[in-house]
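Q: Sequence plus the predicted model coming up.
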Amino acid sequence: MTTAKPDKRTQFSIWYFVAVLLLLFLLPDWLSNQPHTIRYSEFRALVATGELRDVSVAAEEVTASVPRSQLAAYLPSGALDGIPTGNGDLIRVRAVRVEDPGLLPLLEDAGVAYSGISENTWLTSLLSWLLPLGLLILFWSFMLRRMSGGLGGSGSGSMMSIGKSKAKVYMEKDTRVTFEDVAGVDEAKAELQEVVDFLQDPEKYSRLGAHIPKGVLLVGPPGTGKTLMARAVAGQAGVPFLSISGSEFVEMFVGVGAARVRDLFNQARGMAPAIIFIDELDALGRARGANPMMANDEKEQTLNQLLVELDGFDPSSGLILLAATNRPEILDQALLRAGRFDRQVLVDRPDRIGRAQILAVHVRKITLARDVDLDHIAALTPGFTGADLANLVNEAALLATRRNADAVILEDFNAAIERIIAGLEKKNRILSEHERRTVAYHELGHALVAMSLPGVDPVQKVSIIPRGISALGYTLQRPTEDRFLLSEEELRNRMTVLLGGRAAESLIFNMTSTGAADDLQKATAIARDMVTRFGMIPALGQVTYETAPQGLMQQRVFSAERQYSEATAEAIDQSIRQLIDQAFNSATGILTEHRDTLDSGAQRLLEVEVLSGEALQELLRNEARPATLHST
Ligand code: ADP
Ligand code: MG
Ligand code: ZN
């Protein structure tokens, strides 16, 4: 929010305009008053005529006035064309002096009056250094203006105000967002309700001498509604909402960011009670000195200023500072200590019930068919954040619009989920017959392994319709419930499913392809975590070998990345390999056992491109019959 004074910038350019106009008018005049330059020899000849007037002799040149007719006689014809006359018929001429001791006697002889000129050089010399200096300053301030945001434009033109905040503070008197609009994060809401109460009735809190925390930090993954939550607090309390994003503080010039912080708080003080919201706090509050290779004075200054302001404001003034980050671990400890952002509110990914509530908020805007069961959709979307769900509702509505339907039905939601999960359908990508066969076996390999293992998310669908940027086919597994705790067994099974694709390829075609790259990466990540984080390898003990995660480098900056011996490193590598090998072998085992289903399933998949989970179950059951006959 920058107050709109009469625009300094336009005033500025009007002055430029006037100056240029003046110049345009004066220049020809001034040019025409310049003496006409002639040769020295010609000058001498003119002296001899005795017609010269007002001869001035200076160190560098001689000037004189000559009647036009006289001058014309001594110059090449046409040389005087277009030269205006000064006084009467006189033309002013000048000649550069040559070393000529005979000049004075010559003047004497001709009886011409002459005078010397003491050259007045201070003006020219002053100009000669003032002008470049002035230009430099102009250029410099122009660059400053350019770089320091160029946004606010309220810079008051004067040099002294460089760095005076052009803070792009975003101010809303009324956010028109309330807690009604935020769903599925009830704990966070409950915590922030206190802040709302305080803003509405500060006296209530001062009654017993308690004071509300100055700073509340909203922590959570991107898209979970932190920004929304902050606006809702302001809306709920009915106070102005001043927000700025931490990334906007990342400025080129030291001191600018700090000035912005100061400005932000000053503005807010004038509006209290109010909410100051700093989004993406991590961009600004990154631990100081965390990376000595890239010392960043600017950030440190800005951060220090923020700390100063945090300490400086009186909680009873009715200002509450909210901030949001998705990386609390990299924040400077000084920000988190008591009395600053000591209250941290977790805004986490919503659970199933929360997702249903968020969906309910967003479907208010669309026309929904009766049959749509939001609980069902919520069950299909574990891991989705509020932003994902908002996007989902919109996608579904778009699909329904494309159908020219009257309302959005469940099918639209299913298609939208698939779209979001797997990327856009690309039917027109053409695969060779061999590639299609490979993809079919690969995907079916995943599916069959998944269906044969306990505790693995059930297979919903297998498809060999290429989607998105890189997936040639995909196997969709949908979790039945949100999972927070996984056993070693389950992790191993996941890896086995991931390697099912590659196992099928090598079993059928006796070759490997690039199609498994993504699977291998995921499987390796799981294996690495099992070894280095979860302590699941007896030989390595219950020890974590994980290198310091990004944020905890407060002190351990750039210390040796690895904190274990060479031998351990080797053991880790081997264990990871072993885990993958085991997973691959059991995948191959399962597929060998179900070889017939693999073949028939792949055949079927090539025909219809998509197989549902039920269809796959059916295939497996058909196969199982002879086997059971055998065993009995
Ligand atoms: P964050 O700041 O955590 O990255 P945002 O607050 O910007 O996420 O959320 C983006 C959008 O997602 C919001 O504008 C809103 O439409 C939707 N959204 C996110 N979380 C929720 C929620 N809990 N309830 C309702 N809508 C949500
Ligand atoms: Mg945000
Ligand atoms: Zn795969």
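A: Cool, the structure landed. Ligands and ions are numbered 1, 2, ... in the order given.
Q: Let me know the average pLDDT across the one helix or strand Ala615 maps to.
A: Assigned by DSSP states H and E, Ala615 falls within helix 613-631. Averaged over helix 613-631, pLDDT sits at 70.
Q: do stretch 500-518 as well
A: 92.
Q: Please enumerate residues in contact with that stretch?
A: Outside stretch 500-518, the residues that touch it by C-beta atoms under 8 Å, 6 or more residues apart in numbering are 438-439, 441-450, 470-472, 499, 519-520, 584, 587-588, 590-592, 595, 598, 602. All C-beta spots, glycine's among them, are computed from the backbone N, C-alpha and C.
Q: run the last query once more with 6 Å
A: 438, 441-442, 445-446, 449, 519, 584, 587-588, 591 (C-beta atoms under 6 Å, 6 or more residues apart in numbering).
Q: Tell me which entries of those residues lie within helices.
A: 438, 441-442, 445-446, 449, 519, 584, 587-588, 591 (DSSP state H).
Q: can you tell me which of those are up against ligand 3?
A: Contacts with ligand 3 within those, counted by C-beta under 5 Å from the ion: Asp519.
Q: Just give me the closest of the ones in helices among the contacts of stretch 500-518 to ligand 1.
A: Asp519 (29.8 Å; C-beta to the nearest ligand atom).
Q: and the closest residue to that closest one other than its chain neighbours, what element?
A: Excluding its sequence neighbours, the residue lying closest to Asp519 (C-beta to C-beta, 6 or more residues apart in numbering) is Leu498, at 4.5 Å. Following DSSP H and E, one finds Leu498 within helix 488-509.
Q: That helix and ligand 3, any residue contact?
A: Yes: part of helix 488-509 sits near ligand 3 under the criterion C-beta under 5 Å from the ion, namely Gly501.
Q: List the contacts of stretch 538-545.
A: Outside stretch 538-545, the residues within contact range by C-beta under 6 Å, 6+ apart are 532-533, 535, 564, 571.
Q: Stretch 121-133 - what's its average pLDDT?
A: Averaged across stretch 121-133, pLDDT comes to 83.
Q: What is the burial count for whatever residue of the stretch 501-632 of the chain ends up closest to ligand 3?
A: Nearest residue of the stretch 501-632 of the chain to ligand 3 (C-beta to the ion) works out as Gly501 at 3.3 Å. Neighbour count of Gly501, defined by other C-beta atoms under 10 Å: 28.
Q: residues touching the residue nearest to it when sequence neighbours are not counted, list them.
A: Leaving aside its chain neighbours, Gly501 sits nearest to His442 (4.1 Å; criterion: C-beta to C-beta, 6+ apart). Listed by C-beta under 6 Å, 6+ apart, the contact set of His442 reads 501, 504-505, 515.
Q: ok, 10 Å please
A: For His442, the contact set (C-beta atoms under 10 Å, 6 or more residues apart in numbering) comprises 464, 472-473, 475, 500-505, 508-509, 513, 515-516, 519, 602.
Q: now do Phe313
A: By C-beta under 10 Å, 6+ apart, Phe313 lies in contact with 214, 265, 268-269, 272, 276, 319-321.
Q: sorry, back to before: list the buried residues in the helix holding Leu498.
A: Buried residues in helix 488-509, defined by neighbour count with 16 or more other C-beta atoms under 10 Å: 490-508.
Q: low-scoring stretches of the stretch 301-450 of the chain, by residue?
A: 314-316, 423-431 (pLDDT under 70).
Q: that older thread, right, and the residue nearest to Asp519 touches Leu579 too?
A: No: using C-beta atoms under 10 Å, Leu498 makes no contact with Leu579, being 11.4 Å away.
Q: overlap in contacts of these two?
A: Contacts common to Leu498 and Leu579, judged by C-beta under 10 Å, 6+ apart, are 523-524, 526-527.
Q: Out of those residues, grab the one that's most surrounded.
A: Counting neighbours by other C-beta under 10 Å, Ala527 leads the shared contacts of Leu498 and Leu579 with 26 neighbours.
Q: okay but that one is in contact with Glu488, surely?
A: No: using C-beta under 10 Å, Ala527 is not in contact with Glu488, being 11.5 Å away.
Q: Mind listing the shared neighbours of the two?
A: 536-537.
Q: could you give the mean pLDDT of the host helix or strand of Ser575?
A: Using DSSP H and E, Ser575 sits within helix 566-593. The average pLDDT for helix 566-593 rounds to 94.
Q: Now do the same contact list for the residue of the stretch 51-200 of the chain found nearest ligand 3.
A: Closest residue of the stretch 51-200 of the chain to ligand 3, C-beta to the ion: Gly184 (32.3 Å). For Gly184, the contact set (C-beta under 10 Å, 6+ apart) comprises 224-225, 347-361, 378, 385-386, 389.
Q: among those residues, which ones are buried?
A: Buried members of the contacts of Gly184, counted by 16+ other C-beta under 10 Å: 224-225, 347, 349-350, 352, 354-359, 361, 378, 385-386, 389.
Q: Show the overlap between the residues you listed and what lies near ligand 3.
A: Within the buried ones among the contacts of Gly184, nothing lies near ligand 3 by C-beta under 5 Å from the ion.
Q: one step back: overlap between the contacts of Phe313 and the residues near ligand 1?
A: Within the set of the contacts of Phe313, contact with ligand 1 (C-beta under 6 Å from any ligand atom) is found for no member.
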